[in-house]
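**Student:** Please find the sequence and the predicted model below.
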Amino acid sequence: MAKKYRTIFIGTPEFAIPSLRALIADSDFEIIAAITQPDKKAGRKRILTPPPVKVEAEKNNIPVFQPEKIFLFLEEIKKMDPDVIVVAAYAQIVPKDMLEIPKHGCINVHGSLLPKYRGASCIQASILNGDKETGITIMKMDAGLDTGPIIHKESIEIEEHDTAGSLYGKLSKLGGKIIAPAIEGYIEGGIVPEPQDDSQSSYAPILKKDQGRIDWEKDAGYLEKFVRAMHPWPGAWTKTRSENKLLKITRVGHKILNINEHTVGQLFARNNGLAVQCGKGALEIKKMQIEGRNEMETDKFLIGHRDYVGILLK
RNA sequence: CGCGGGGUAGAGCAGUUGGCAGCUCGCCAGGCCCAUAACCUGGAGGCCGCCGGUUCAAAUCCGGCCCCCGCAA
């Protein structure tokens, strides 16, 4: 019972793990190598940390390669003679020349319903835009960025309390569920990848730290989505005007308060906790984290920080 | 050796010229009130992160260690 497909898995973070596991568990796939980003210094002690895909691959005795630049690694890939390459959240641009190497091409697991939200921040974008659903797209890669023809799509509901973090988990699991059947359906089941409708496409560029900063002039409805979209990274953050302390807003009430009597960016007491005035409407803050402290619920926070009522954020 | 904040009652925080360990919330008991999450009275609850040092005396000063967090990546 020989495995059918010599497969190279390319990916880096936690998101890719369910897909990797699914392929390892599927007897049709022989994972001949895992390619991932080099170890990076991470955490407070700046400890060299291997990416999750490396850890998982080594656990399964799969050879791991961590080229600094994958476009300088194509010869080695060619020598491995893969039948198919699966890419999931690799965090490097895959060069066009690589697409031709495997017999059955390169297959990508993407965290949105393409052609919507091509790009790295697809999950955040779906929340920020207030979508009711999102999903996973399995596609055949082509030269563009997330522009390849679609093999299979599966959607899930975005719930009102979903954050980028919670969706990330759900979508990564969903990817693991559908990746193997999708590839098999493509290679031997006669699925013909369907070109994307470029007129419906949108682009969700990679987020930078600064983009988590809250603009209190925006209306409360937008900021409610913003907080969920930025959680847990880069986090929706702001600063106190007086002490210039970093304040992360980690959870806000889903209901928009029809209150406009305070200065924009001002904290005020509400239901034993705190709320903040936005450009239009106000938001109840459920949880937040001040620099140097643990995240806490605002009613608890207030017990030791009465003086925060009325202060301004910027 | 990357930079910085922090660990004190169940929770959130004050408290360093060393001198009886405090506040707010919660909890328990009682009271007030038509009633209450409001108000009043009383009460329980602490090895002040751990180890050692200095001192008549350490939450506080000195040395070492553990843990949490922000920046940075």
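**Tutor:** Looks like it came in fine.

**Student:** Regarding chain A, what is its longest helix?
**Tutor:** In terms of residue count, the longest helix belonging to chain A (DSSP state H) is helix A:164-187.

**Student:** same for the following helix or strand past it, what does it pack against?
**Tutor:** Downstream of helix A:164-187, the first helix or strand assigned by DSSP states H and E is helix A:220-230. Under the contact definition 3 or more Cβ pairs under 8 Å, 6 or more residues apart in numbering; DSSP states H and E, helix A:220-230 sits against helix A:122-128, helix A:164-187, strand A:236-239, strand A:246-257, strand A:282-290. The way it works is simple: take the backbone N, C-alpha and C, and place the C-beta from them, glycine included.

**Student:** Counting neighbours, what do you get for residue A:153?
**Tutor:** Neighbour count for residue A:153, taken as other Cβ atoms under 10 Å: 17.

**Student:** ok, what's across the strand from the residue nearest to it when sequence neighbours are not counted?
**Tutor:** Spatial nearest neighbour of residue A:153, chain neighbours left out: residue A:137 (5.0 Å); criterion: Cβ to Cβ, 6 or more residues apart in numbering. On the basis of DSSP bridges, residue A:137 is bridged to residue A:110, residue A:153.

**Student:** Verify the stated contact: residue A:83 with residue A:103.
**Tutor:** Yes: the criterion here is Cβ atoms under 8 Å, and residue A:83 meets it with residue A:103 at 4.9 Å.

**Student:** Between these two, tell me which one has more neighbours.
**Tutor:** A count of neighbours by other Cβ under 10 Å puts residue A:83 above the other of residue A:83 and residue A:103, at 18 against 11.

**Student:** isn't the residue nearest to residue A:153 right next to residue A:113, touching?
**Tutor:** Yes: counting by Cβ under 8 Å, residue A:113 is a contact partner of residue A:137 at 6.1 Å.

**Student:** Neighbour count for these two, which is higher?
**Tutor:** residue A:137 (29 against 20).

**Student:** so what's the more buried one up against?
**Tutor:** Each residue near residue A:137 by Cβ atoms under 8 Å, 6 or more residues apart in numbering is listed here: A:109-110, A:112-114, A:150, A:152-153.

**Student:** Count the residues that sit near residue A:303.
**Tutor:** 9.

**Student:** wait, is it part of a strand?
**Tutor:** No: read with DSSP: H, G, I helix; E, B strand; the rest coil, residue A:303 is helix and lies in no strand.

**Student:** Provide a list of residues in contact with it.
**Tutor:** Contacts for residue A:303 (Cβ under 8 Å, 6+ apart) come out as none.

**Student:** Tell me who's in contact with the nearest residue to residue A:76 once chain neighbours are set aside.
**Tutor:** Leaving out its chain neighbours, the residue that sits closest to residue A:76 by Cβ to Cβ, 6+ apart is residue A:65, at 7.1 Å. Neighbour list for residue A:65: A:33-36, A:73, A:76 [criterion: Cβ under 8 Å, 6+ apart].

**Student:** Neighbour count for these - can I get that in JSON lines?
**Tutor:** Listed next are the contacts of residue A:65 as JSON lines, based on neighbours: other Cβ atoms under 10 Å:
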{"residue": "A:33", "neighbour count": "19"}
{"residue": "A:34", "neighbour count": "26"}
{"residue": "A:35", "neighbour count": "27"}
{"residue": "A:36", "neighbour count": "27"}
{"residue": "A:73", "neighbour count": "16"}
{"residue": "A:76", "neighbour count": "12"}
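
**Student:** Walk me through the domains of chain A.
**Tutor:** For chain A, the structural domains run A:5-200, A:209-308, going by automatic domain parsing.

**Student:** tell me the mean pLDDT for the first one?
**Tutor:** In this model, domain A:5-200 carries a mean pLDDT of 95.

**Student:** start to end distance for it?
**Tutor:** 34 Å (Cα to Cα, to the nearest Å).

**Student:** Quickly check: that domain near RNA strand B or not.
**Tutor:** Yes: remark: domain A:5-200 sits within contact range of RNA strand B at A:40-46, by Cβ under 7 Å from any atom of the strand.

**Student:** picking up where we left off before, just name the most buried of the helices and strands packed on helix A:220-230.
**Tutor:** helix A:122-128 (a mean of 24; mean count of other Cβ atoms under 10 Å).
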